[in-house]
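[1] I'll drop the sequence and a predicted model, then ask my questions.
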Amino acid sequence: MSGIVQAWKINGSGQATPATKEDFDDPLDEGYYWYHFNRNDPATQALFDADEGVDVIATRTLLAADTRPRTIVRGQDVLINLRGVNLNPGAEPEDMIPLRFFIQQGRVISCNGKPLKAINDMVERLQTQTVSKTPGGFIATFALTIIDRMSPTITDMNEQVDELEEMIEGDARDRHENARSKVAELRRAAIMLRRYLAPQKDALTTLSQQALPWIDANDQLRLRDAADQATRVAEELDAVRERCAIVKDQLTDIRAEQMNQNMMILSVVAAVFLPLGLLSGMMGINVGGMPWVESDMGFWYVTAIVSVIGVALMGLFRLLRWI
């Protein structure tokens, strides 16, 4: 069964049993088959080309390198592209994995190039539970499973934003620097996830509105529920992005306040030493008439005058609340 990753037969009662490659060309009148393919396997395209029910447009869509979520209705057949979070080791969740479906009356064909946790969840469901009796209900279940896999990722992002909000309450500058880089990463991840979830909601909504023989009223409700769940996750991502923007603004305010404090200190120091520098410069000029030139206490007189002026200036700045 080269190219075929999963092959299942779902009868009219919703019971699933393993299928074979020979069944691929024979869609069921009651129930349906589900075949999942590896798009990177050359045998996959060869099998599609040999099947009259999978035309050129369907083959090109199923094997496309990159696709955005959308629904294409062609008679009683439907092409729908979805996306799931990448939970593979070493991967970033926002690097979402495309999952394409070609749905007919008695057959569901899916195709992707990377492992997707939602596929394993569906296989486990087929092995242990009764599933939908129609392809429309199967797609609705699949879409909900994809959304369920996204929920822990969204929860983790919210928790990271909570940690950032707590982090910026501290005074440590290194913490603020770490927070700045982290908030940028979170915003980028939220934007990337949101980029595909919004059209995914539209794709599911479009499918739920189709009057097709393999989509009944219950399937339509479940597809709308899947679209609503996608909308909910997209709104949570919007909230994460907005919270990140608020955190970024707070970090910017903290940095601006720190810079203002540093500038104030420098300004006060300059204001204190400006008259002292003027006085010491005047006392150091080589002209006649300078006081205490012949006095042994001359240096200490000048030091006392400079100290008194410095203390007076500091008192004045405190009175004006500059420091």
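    Noted; the coordinates are in hand.

[2] Low-confidence ranges, the stretch 51-200 of the chain, go.
    Along the stretch 51-200 of the chain, the parts satisfying pLDDT under 70 run over 170-177.

[3] And the helices in it?
    Assigned by DSSP state H, counting those that start in this stretch, the stretch 51-200 of the chain shows helices spanning 56-62, 117-128, 135-167, 173-208.

[4] So which of these is nearest residue 226?
    Closest to residue 226 of these is helix 135-167 (CB to CB; 3.8 Å). Where you see a C-beta, it was placed from the backbone N, CA and C, and this is true even at glycine.

[5] List the buried residues of the closest one.
    135-147, 149-150, 153-154, 157-158, 160-161, 164, 167 (16 or more other CB atoms under 10 Å).

[6] thinking again about what came up before, can I get the helices of the stretch 51-200 of the chain in a markdown table including distance to residue 239?
    Shown next, in a markdown table, are the helices of the stretch 51-200 of the chain (distance: least, CB to CB, whole Å):
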| stretch | distance to residue 239 |
| --- | --- |
| helix 56-62 | 33 |
| helix 117-128 | 24 |
| helix 135-167 | 8 |
| helix 173-208 | 9 |
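
[7] between those, which one is nearest to residue 222?
    Nearest of the helices of the stretch 51-200 of the chain to residue 222, taken as CB to CB: helix 135-167 at 3.6 Å.

[8] partners of residue 101 in the sheet?
    residue 80, residue 110 (DSSP bridges).

[9] Could I get the contacting residues of it?
    Going by CB atoms under 8 Å, 6 or more residues apart in numbering, residue 101 touches 78-82, 108-110, 139, 142.

[10] So which other helices or strands are in contact with the longest helix along the chain?
    Across the chain, the longest stretch assigned as helix under DSSP state H is helix 217-283. Judged by 3 or more CB pairs under 8 Å, 6 or more residues apart in numbering; DSSP states H and E, the packing partners of helix 217-283 are helix 135-167, helix 173-208, helix 298-319.

[11] I'd like the ones you listed laid out as TSV, including distance to residue 129.
    Shown next, in TSV, are the helices and strands packed on helix 217-283 (distance: least, CB to CB, whole Å):
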stretch	distance to residue 129
helix 135-167	10
helix 173-208	22
helix 298-319	76
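
[12] Any idea which of those gets closest to residue 281?
    Among the helices and strands packed on helix 217-283, the nearest to residue 281 by CB to CB is helix 298-319 (11.6 Å).

[13] Taking helix 217-283 as reference, get the angle to the closest one.
    150 degrees (axes from the mean of the first three to the mean of the last three CA atoms, to 10 degrees).

[14] Could you chop the protein up by domain?
    For the chain, the structural domains run 4-254, 261-285+292-319, going by automatic domain parsing.

[15] most neighbours per residue, which of these?
    Comparing the domains of the chain by mean neighbour count (mean count of other CB atoms under 10 Å), domain 4-254 comes out on top with a mean of 18.

[16] Run the chain-centre distance for it.
    Relative to the centre of its chain, domain 4-254 is centred 15 Å away, using CA atoms, centre = their mean, to the nearest Å.

[17] quick one: residue 112 and residue 98 touch, right?
    Yes: at 6.1 Å, residue 112 and residue 98 qualify as touching, with contact defined as CB atoms under 8 Å.

[18] Surely residue 151 and residue 233 touch.
    Yes: the pair residue 151 / residue 233 is scored as a contact, 7.3 Å apart, by CB under 8 Å.

[19] From one end of stretch 75-92 to the other, what's the distance?
    38 Å (CA to CA, to the nearest Å).

[20] For residue 200, which non-adjacent residue is closest in space?
    Sequence neighbours aside, residue 69 is the residue nearest to residue 200 in space, at 3.9 Å (criterion: CB to CB, 6 or more residues apart in numbering).

[21] Now do the contacts for residue 226.
    Residue 226 makes contact with 140, 143-144, 147, 204, according to CB under 8 Å, 6+ apart.

[22] So for it, what's the pLDDT?
    Per-residue pLDDT puts residue 226 at 93.

[23] How about the one 10 residues further on?
    Per-residue confidence (pLDDT) for residue 236: 92.

[24] Then residue 8?
    In this model, residue 8 carries a pLDDT of 93.
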